[in-house]
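> when you get a sec, could you give me coordinates for this:
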Amino acid sequence: MRYVWIGVVAAGVAALAGCETNVQPLGETRPITIETEPAQARVSLVAPVTREVKELGTTPLADKPVFVMTSFESDEVSPAELSRLFAERGTVHVVIEKEGYQTYDGYLTTESGKTVTHKITLTPVPKE
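As a prediction, this is how the structure comes out:
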């Protein structure tokens, strides 16, 4: 039996027994704009379930289409994984890097049918 998790909190008994989870993200492509201070920072996207990293480009990025998980299907899922998946719904996980600045690693909000603009100020690496 398969379940679609869209706001229902539950834990699979099989996951608690140590079985592997089988999570299929469901979602849509949404546009996002990312600007950084300073510009010319490298932006990568971290996939919701697989954690695969894909380079998106260099800032500023305007109306960049990205996959956004809005729900997911699973035969079973551990409570920790379930909590993480719920927290990530509707967001994109990005890593932003620029030499001489601390890496930004965070989640950015998105909206269906609308471009959301994020302005991120990078922090310089402290001088030693």
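> which residues of the chain score low on pLDDT?
1-21 (pLDDT under 70).
> three-state assignment of the closest residue to Thr110 other than its chain neighbours?
Spatial nearest neighbour of Thr110, excluding adjacent residues (CB to CB, 6 or more residues apart in numbering): Arg30 at 4.4 Å. C-beta here means a position set from N, CA and C on the backbone, and glycine is covered the same way. Secondary structure assignment for Arg30 (DSSP: H, G, I helix; E, B strand; the rest coil): strand.
> Glu55 in helix, strand or coil?
Here Glu55 takes the strand state, with states given by three-state DSSP.
> one step back: ok, the residue nearest to Thr110 - contacts?
65-66, 68, 110-113, 116 (CB atoms under 8 Å, 6 or more residues apart in numbering).
> ok, what's across the strand from it?
Beta-bridge pairing for Arg30 (DSSP bridges): Val66.
> how close does it get to Val92?
Distance of Arg30 to Val92, computed by CB to CB, to the nearest Å: 8 Å.
> tell me the secondary structure for Gln40?
coil.
> is there a neighbour count for it? I'd like the number.
Number of residues near Gln40 (other CB atoms under 10 Å) recorded here: 10.
> isn't Tyr25 up against Val49?
Just so we're on the same page, residue 25 is Pro rather than Tyr. Yes. In this structure Pro25 lies within contact range of Val49 using CB atoms under 8 Å: 5.0 Å.
> what residues are shared contacts of these two?
Residues touching both Pro25 and Val49 comprise 69, 72, with contact defined as CB under 8 Å, 6+ apart.
> what sits in contact with each of Arg30 and Val92?
Common neighbours of Arg30 and Val92 (CB under 8 Å, 6+ apart) are 66, 68, 110.
> tabulate the residues you listed in CSV, adding columns for neighbour count.
Converted to CSV, the shared contacts of Arg30 and Val92 look like this (neighbours: other CB atoms under 10 Å):
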residue, neighbour count
Val66, 20
Val68, 22
Thr110, 21
